[in-house]
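Novice: The sequence and its predicted three-dimensional model are supplied below.
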Amino acid sequence: MSTLQTISDVSVWVCASEGGVISSEQDALDLVGNASYQGAQWVVVPVERLDDAFFELRTRVAGDIVQKFVNYRMGLVVLGDISAHTARSSALRDFVRECNRGRQTWFLPDVEEMQARLKG
């Protein structure tokens, strides 16, 4: 079950690890809509919830999903270990690095790092 939390004075919609796989623009729109309705500024998606195609940039799934969050000015945190995916793809490593430099989409390994980023 997803929950609304306040982390460092930021309203965050945290998706549960269990639940449907997020694999399309429509799934992203549903997340943005639910989070927005709850008053969230950020959505946290555990890595386990993302379809494997998300981590294969040639499928464009990641780009399409991230773009929906950008369009609606909603922050996105992909939370968890993605090292197995980045080890296989230099393009994904570059994408993650660029996202993490920004202020809209972050790929973070754990809750502690997310709290630090939101505080900063």
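Specialist: Received it, and whenever you're ready, just let me know what you need.
Novice: Tell me where the protein has helices.
Specialist: Along the chain, the stretches classed as helices by DSSP state H are 25-38, 61-71, 83-88, 90-101, 111-119.
Novice: Quick check: mean pLDDT of the third one?
Specialist: On average, the pLDDT along helix 83-88 is 97.
Novice: Mind listing what's buried along it?
Specialist: Taking 16 or more other CB atoms under 10 Å as the basis for neighbour counts, the residues of helix 83-88 that come out buried are 85-86. C-beta coordinates here come from the backbone N, C-alpha and C atoms, glycine included.
Novice: neighbouring contacts of it?
Specialist: Under the criterion CB atoms under 8 Å, 6 or more residues apart in numbering, residues 55, 92-93, 96 lie in contact with helix 83-88.
Novice: got it, and the fourth one?
Specialist: When contacts are taken as CB under 8 Å, 6+ apart, the neighbours of helix 90-101 outside the stretch itself are 55-57, 62, 66, 82, 85-86, 105-108.
Novice: Let me know the closest of the residues you listed to residue 32.
Specialist: Of all those, the one sitting nearest residue 32 is residue 66; the distance, using CB to CB, is 11.4 Å.
Novice: Near the closest one, how many residues? Count them for me, please.
Specialist: 18 (other CB atoms under 10 Å).
Novice: in the sheet, who's paired with residue 76?
Specialist: Assessed by DSSP bridges, residue 76 has beta-bridge partners residue 43, residue 105.
Novice: Find me the pLDDT at the nearest residue to residue 89 once chain neighbours are set aside, would you?
Specialist: Nearest residue to residue 89 in three dimensions, chain neighbours excluded: residue 57, at 6.9 Å (CB to CB, 6 or more residues apart in numbering). Model confidence at residue 57, expressed as pLDDT, equals 96.
Novice: So the nearest residue to residue 41 once chain neighbours are set aside versus residue 35, what's the distance?
Specialist: Counting by CB to CB, 6+ apart, residue 11 is the residue found nearest to residue 41 once chain neighbours are left out, at 5.0 Å. Spatial separation of residue 11 from residue 35 under the definition CB to CB, to the nearest Å is 9 Å.
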